[in-house]
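**Student:** Sequence and computational prediction follow.
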Amino acid sequence: MDKETFAYSCDVSPNDCSQICNRHQVEYIEDPDSFSYSEFFRRFLLPNSPCVFSARFTESWGSRRCWVTQDDRPNFDHLLQNFGDAIVPVANCDVKEYNSNRKEQIPLRDYITYWKDYIKSNYCSPKGCLYLKDWHMHRTFPDKNVYSTLLYFTSDWLNEYWDAIAGDDYRFVYMGPKGSWTPFHADVFRSYSWSVNICGKKKWLLFPPGQEEYLRNCHGHLPYDVTMPDHQDGSTYPCSAQCFQPLEVIQEAGEAIFIPSGWHHQVHNLEDTISINHNWVNGCNVAHMWNFLQRELEAVQQEIGEWRETMHDWHPHCQVIMKSCTGIDYKEFYTFLTVIAENRIRVLQDYSAGRDVHSCSGSSLGPLHALYDVSRTADVLAALIANEDFKKLEMESFSPAPLELLHRLQKTIHCINACRINDM
């Protein structure tokens, strides 16, 4: 991050920028040599606006050379030789599940056998249309030269946190035949996502935040498939006529798409397609994540509100339910902030001491970016500490204590601003 961008980020908060994103078109970024991280930060991260990167940005990836045949089809032989025994999650696109598809764990070689037969049978099978989704390939095969995350997506708190605790990750491979698709949804924790087509073609239907509310039916439920004609039925979908038409993006092989926080979307594979996807959070959208968690907890509290006076452990029980639904509760969210805070404080301490900041986690974008991260973490941490539901948790189990961590962040910001910011 350069000084001009840092100064801009201090004057304009992400929430302010959310009002200026382009709701009518998705910008296309052609040239890697003329497009900087700071430009991406200012034009897309802060405004929470989508964009597409040309195939030139990913042309060095090993997967684009080895996973694809000369006629731009999936290279099944290479995949079988290198990953055939891997166990992968597979969903049936023909079976409707609320907001997702149930997955079966099978060997990749069995899925590829199915896929080949599906193509030979003119994309028809009694097994249905099967889609390999959410395969944690990077976690299982970390040493394979498959891809490298583009610089623009490297401020990734979500995977930094889960790597630090040796837990889950949010790096995925998707593989599916023509006709496979993902139902209408917004991404986990209202994170960002990026997706690169290794081969094939996708159609994305994108809805800016808030537009999904017009798509709820008379019972308050979001649609499973926004392309179904019954959404024009005003008696079932009373507000659908007020919804913007979706932004439609046709993503070609090699191209990367950036999906901002809270943008609901639906994705269709127009050809046999392989893609690599990450979900990610950083200082620009961590407040969106925090707001999402508050809404999720409120929904749980409303759902079991009738037992509030009779359950002595009602508040912790709400946290348990929320975690089972979303994958995280307030305590883990605090731990998440703690890991990021400690890493960024270490970067700034090393910078102040003249040590090599690039040896530290989260430091590759420079000390000004680390300072920005510290500031955003402090803002969200202060909101978390002030939250009444957070106050009801067992604070003695938190290490460091929340107020202690907040004071360290504030002290770090003050010291850097006073002493070294002009030298960064």
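**Tutor:** Structure received.
**Student:** mind listing the helices for the stretch 151-300 of the chain?
**Tutor:** 157-164, 286-303 (DSSP state H, counting those that start in this stretch).
**Student:** Select, out of these, the one closest to residue 376.
**Tutor:** helix 286-303 (5.9 Å; CB to CB). C-beta here means a position set from N, CA and C on the backbone, and glycine is covered the same way.
**Student:** just the angle between that closest one and helix 157-164, please?
**Tutor:** Per axes from the mean of the first three to the mean of the last three CA atoms, to 10 degrees, the angle that helix 286-303 makes with helix 157-164 is 80 degrees.
**Student:** would CSV of the helices of the stretch 151-300 of the chain with mean neighbour count, distance to residue 417 and mean pLDDT be doable?
**Tutor:** Output for these, formatted as CSV (neighbours: other CB atoms under 10 Å; distance: least, CB to CB, whole Å; pLDDT from 0 to 100):
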stretch, mean neighbour count, distance to residue 417, mean pLDDT
helix 157-164, 20, 22, 95
helix 286-303, 18, 21, 96
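**Student:** could you dump those helices to JSON lines with distance to residue 201?
**Tutor:** Shown next, in JSON lines, are the helices of the stretch 151-300 of the chain (distance: least, CB to CB, whole Å):
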{"stretch": "helix 157-164", "distance to residue 201": "27"}
{"stretch": "helix 286-303", "distance to residue 201": "30"}
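**Student:** Quick one, which of those gets closest to residue 331.
**Tutor:** Nearest to residue 331, of those and by CB to CB, is helix 286-303 at 11.2 Å.
**Student:** That closest one - contacts with which helices or strands?
**Tutor:** Using 3 or more CB pairs under 8 Å, 6 or more residues apart in numbering; DSSP states H and E, the elements in contact with helix 286-303 are helix 14-17, helix 314-326, helix 330-352, helix 367-386.
**Student:** any idea which of those scores lowest on pLDDT?
**Tutor:** Least confident of those, judged by mean pLDDT, is helix 14-17 with a mean of 56.
**Student:** Which SSE is immediately downstream of that helix?
**Tutor:** Next in sequence after helix 14-17, counting helices and strands by DSSP states H and E, comes strand 27-29.
**Student:** Identify each buried residue in that next one, please.
**Tutor:** residue 29 (16 or more other CB atoms under 10 Å).
**Student:** any residues touching that strand, and which ones?
**Tutor:** Residues outside strand 27-29 that contact it (CB atoms under 8 Å, 6 or more residues apart in numbering): 35, 43, 44, 49, 50, 51, 52, 53, 54, 57.
**Student:** most surrounded residue in the residues you listed?
**Tutor:** residue 53 (25 neighbours; other CB atoms under 10 Å).
**Student:** That one reaches residue 252, doesn't it?
**Tutor:** No - using CB atoms under 8 Å, residue 53 is not in contact with residue 252, being 11.2 Å away.
**Student:** how about the helices and strands packed on helix 286-303, which one is nearest residue 165?
**Tutor:** helix 330-352 (7.3 Å).
**Student:** and the closest one with helix 367-386, angle?
**Tutor:** Going by the same axes, to 10 degrees, helix 330-352 makes 150 degrees with helix 367-386.
**Student:** Restrict helix 330-352 to CA atoms and write it as CSV.
**Tutor:** C-alpha atoms of helix 330-352 as CSV (Å, rounded to 0.1, in the frame of the first residue of the first chain):
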residue,chain,number,x,y,z
TYR,A,330,-18.3,-14.6,19.3
LYS,A,331,-15.5,-16.2,21.2
GLU,A,332,-13.8,-17.5,18.1
PHE,A,333,-14.4,-14.2,16.3
TYR,A,334,-12.4,-12.6,19.2
THR,A,335,-9.7,-15.2,18.8
PHE,A,336,-9.6,-14.5,15.0
LEU,A,337,-9.1,-10.8,15.7
THR,A,338,-6.5,-11.6,18.3
VAL,A,339,-4.4,-13.6,15.8
ILE,A,340,-4.5,-10.9,13.2
ALA,A,341,-3.8,-8.2,15.8
GLU,A,342,-0.7,-10.0,17.2
ASN,A,343,0.6,-10.6,13.7
ARG,A,344,0.3,-7.0,12.6
ILE,A,345,1.7,-5.6,15.8
ARG,A,346,4.7,-7.9,15.3
VAL,A,347,5.1,-6.5,11.7
LEU,A,348,5.1,-2.9,13.0
GLN,A,349,7.5,-3.7,15.8
ASP,A,350,9.9,-5.3,13.4
TYR,A,351,9.6,-2.4,11.1
SER,A,352,10.3,0.1,13.9
